[in-house]
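Chemist: requesting a structural model of the entry that follows:
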Amino acid sequence: MKTRIKAAAAIAFTMIVTPLAAAPLPEAKPDEVGFSQSGLDRMDAFFAREIAAKRVPGAVVAIARDGKLVHYKAYGQLDPVKGTPMPLDAIFALASMTKPMAAVGALTLMEQGRLPLQAKLADYYPAFADMKVGVVQEGGALQFEPQRRPILIHDLYRHTSGLMYGGRPDSASPVARLYPDGIAPAIEGDTQAFIERLTKLPLAHQPGTQFEYGFSIDVLGAVVEKVSEQRLGDYLSNNLWKPLGMVDATFAPTEAQRPRLARPFPNDPLTGKPQAIKLLDTPTRSDCGGACSFATIGDYIRFGQMLLNGGELDDVRILSPKTVHHMTSNHLGPEIKNTVANVEPHRAGFGFGLSVAVRVSEGLSAVPGNPGEFSWNGAFGTQFFCDPKERLVVVVGTAAPGDLRKYYREQVQDIVYGAMVR
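Modeler: Okay, the predicted model is just below:
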């Protein structure tokens, strides 16, 4: 019986795994950089099981240590309806993994002396000065209070602006019912329409008092547009994507790119309810810095390696090492209520930097890692994390917009650290 199971697993493995090819970074054998090959093989076995159980259509996984790629494979299907095999250059809707890239764009302006952290948001979009704070009264009614201090650019990076997303389960604020979901404004209107819509709403908290995940970095992207006098996508293309060789990164996939878009199952494997990634087939009217970009996993591991290297890759410098250090340090001081672990269950022990979660404690988290690790994920099933102590970058792409995406994030991190032997 065990022999038949092993044989079936071997057949599934050969059907779903695409071998190393078109590497975005130099390659190394696992034992050359402290990994066990048998440990990394567990990643293949894990996705073989998940794909065979029809819990996820497919995945692309890239792991690099010491700047060298030790695992770069595609699994399963790009499109489960058509049965298209998953290629290494599959393009994923990145959702909130857009945020660190938008933040890097803003930080390049900071380095030019054009966008300081302590600048007032209202200096760029004056209507934010008039937003009130919604304070919940007994019985659930909202009372509106003036801001005790203005929203700063710093608040946008670290999600302490009081802006939020609508419909998120991690927020208990009744203000959430008034906010749209993360991609709706970009589909429905341009940047100015987004700003006008948002500034008519109340803030969920006084600026600078609580981490509240939401539209902060979308607004930061709008500020980048105002300062640079370019669309966000054009600014990122000129100052990040093209210089780094991130050839497929975009806010608007071309007709040539569309056949490589990774698609989810039509129904959520956990609930059986219909699911979709709306951005795959619905163009946006603005470049939302919080949720609307696309890229390959190869593109994104180059971005992650650039950050791990202190802002430079292949002799191309995007940011200063000091700026990257500031970006990846915890910016939630003791005066700020830290609810980062409410967003995802494995983030106990994390603070938040300038657009990335930052591990600040040993233990506490559900997954292995070291203080200084920085990361963020996307609601459609993508994941990235960097561990400076281990010189490690990991990027994963799946088209899994349901709650299973959180399961994959934990399992992948467990497998990666479990494969390290030094």
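
Chemist: on the three-state scheme, residue 64 is what?
Modeler: Local secondary structure at residue 64 is given as strand here, using DSSP: H, G, I helix; E, B strand; the rest coil.

Chemist: spatially nearest residue to it, not counting backbone neighbours?
Modeler: Leaving aside its chain neighbours, residue 64 sits nearest to residue 393 (4.7 Å; criterion: CB to CB, 6 or more residues apart in numbering). (Glycine included, C-beta is placed from N, CA and C.)

Chemist: so that neighbour belongs to a strand, correct?
Modeler: Yes - under three-state DSSP, residue 393 sits within a strand.

Chemist: export stretch 36-54 as PDB, just CAs?
Modeler: The C-alpha coordinates for stretch 36-54 follow below in PDB (Å, rounded to 0.1, in the frame of the first residue of the first chain):
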ATOM      1  CA  SER A  36      19.300  20.700   2.600                       C
ATOM      2  CA  GLN A  37      18.100  19.500  -0.800                       C
ATOM      3  CA  SER A  38      15.800  17.000   0.900                       C
ATOM      4  CA  GLY A  39      14.400  19.800   3.000                       C
ATOM      5  CA  LEU A  40      13.600  21.800   0.000                       C
ATOM      6  CA  ASP A  41      12.000  18.800  -1.600                       C
ATOM      7  CA  ARG A  42       9.300  19.100   1.000                       C
ATOM      8  CA  MET A  43       8.100  22.100  -0.800                       C
ATOM      9  CA  ASP A  44       7.500  20.000  -3.900                       C
ATOM     10  CA  ALA A  45       5.700  17.400  -1.800                       C
ATOM     11  CA  PHE A  46       3.600  20.000  -0.100                       C
ATOM     12  CA  PHE A  47       2.300  21.600  -3.200                       C
ATOM     13  CA  ALA A  48       1.800  18.200  -4.800                       C
ATOM     14  CA  ARG A  49      -0.600  17.300  -2.000                       C
ATOM     15  CA  GLU A  50      -2.400  20.600  -2.100                       C
ATOM     16  CA  ILE A  51      -2.800  20.600  -5.900                       C
ATOM     17  CA  ALA A  52      -3.900  16.900  -5.900                       C
ATOM     18  CA  ALA A  53      -6.500  17.800  -3.300                       C
ATOM     19  CA  LYS A  54      -7.700  20.700  -5.500                       C
END
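
Chemist: what's in contact with that stretch?
Modeler: Outside of stretch 36-54, the residues that reach it under the criterion CB atoms under 8 Å, 6 or more residues apart in numbering are 9, 12-13, 16-17, 29-31, 56-59, 61, 63, 70-71, 73, 75-77, 265, 269, 408, 411-412, 415-416, 418-421.

Chemist: and stretch 123-135, by the same measure?
Modeler: 120-122, 142-147, 150-151, 162, 173-175, 178, 195-196, 199, 201-206, 219, 222-223, 226-227.

Chemist: rewinding a little: from residue 237, how far out is the residue nearest to residue 64?
Modeler: As judged by CB to CB, to the nearest Å, residue 393 and residue 237 stand 22 Å apart.

Chemist: OK, contacts around the residue positioned nearest the centre of the chain?
Modeler: Nearest residue to the geometric centre of the chain (CA atoms, centre = their mean): residue 97, 2.1 Å. Each residue near residue 97 by CB under 8 Å, 6+ apart is listed here: 293, 300, 376, 377, 378, 382, 383, 384.

Chemist: what does residue 137 give?
Modeler: Residue 137 makes contact with residue 143, according to CB under 8 Å, 6+ apart.

Chemist: roughly how far does residue 32 sit from residue 413?
Modeler: 22 Å.

Chemist: okay, now the unreliable bits of the chain?
Modeler: For the chain, the stretches with pLDDT under 70 are 1-22, 170-172.

Chemist: just give me the longest strand of it.
Modeler: strand 68-79 (DSSP state E).

Chemist: any idea which helix or strand comes after that one?
Modeler: Stepping forward along the backbone from strand 68-79, the first helix or strand reached (DSSP states H and E) is strand 84-85.

Chemist: same for that following strand, what does it pack against?
Modeler: On a contact count with 3 or more CB pairs under 8 Å, 6 or more residues apart in numbering; DSSP states H and E, strand 84-85 meets strand 68-79.

Chemist: could you export the strand it packs on as CSV, keeping only the C-alpha atoms?
Modeler: In CSV, the C-alpha atoms belonging to strand 68-79 read as follows (Å, rounded to 0.1, in the frame of the first residue of the first chain):
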residue,chain,number,x,y,z
LYS,A,68,21.8,33.1,-4.9
LEU,A,69,18.7,31.3,-6.0
VAL,A,70,18.4,27.8,-4.5
HIS,A,71,14.8,27.0,-5.4
TYR,A,72,12.8,28.4,-8.3
LYS,A,73,9.9,26.2,-9.4
ALA,A,74,6.4,26.4,-10.8
TYR,A,75,3.7,23.9,-9.7
GLY,A,76,0.3,23.0,-11.0
GLN,A,77,-1.9,25.1,-13.2
LEU,A,78,-2.0,28.8,-14.3
ASP,A,79,-5.6,28.5,-15.2
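
Chemist: so which bits of that strand are buried?
Modeler: Buried positions in strand 68-79, judged by neighbour count with 16 or more other CB atoms under 10 Å: 68, 69, 70, 71, 72, 73, 74, 75, 76, 77, 78, 79.

Chemist: any chance of these in a markdown table, plus distance to residue 249?
Modeler: Below are these laid out as a markdown table (distance: CB to CB, whole Å):
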| residue | distance to residue 249 |
| --- | --- |
| 68 | 22 |
| 69 | 18 |
| 70 | 23 |
| 71 | 22 |
| 72 | 18 |
| 73 | 21 |
| 74 | 18 |
| 75 | 22 |
| 76 | 23 |
| 77 | 23 |
| 78 | 18 |
| 79 | 21 |
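
Chemist: from those, which is closest to residue 325?
Modeler: Of all the buried residues of strand 68-79, the one with the least separation from residue 325 (CB to CB) is residue 68, at 22.9 Å.

Chemist: out of the contacts of residue 97, which are inside helices?
Modeler: Among the contacts of residue 97, the ones falling in helices (DSSP state H) are residue 300.

Chemist: do I have it right that residue 211 meets residue 161?
Modeler: No - using CB atoms under 8 Å, residue 211 is not in contact with residue 161, being 10.1 Å away.

Chemist: more neighbours: these two, which one.
Modeler: Neighbour count, other CB atoms under 10 Å: between residue 211 and residue 161, residue 161 has more, with 29 against 23.

Chemist: re the thing from before, who wins for neighbours among the contacts of residue 97?
Modeler: residue 293 (32 neighbours).

Chemist: is it in contact with residue 250, as I believe?
Modeler: Yes - assessed by CB under 8 Å, residue 293 is found in contact with residue 250 at 6.8 Å.
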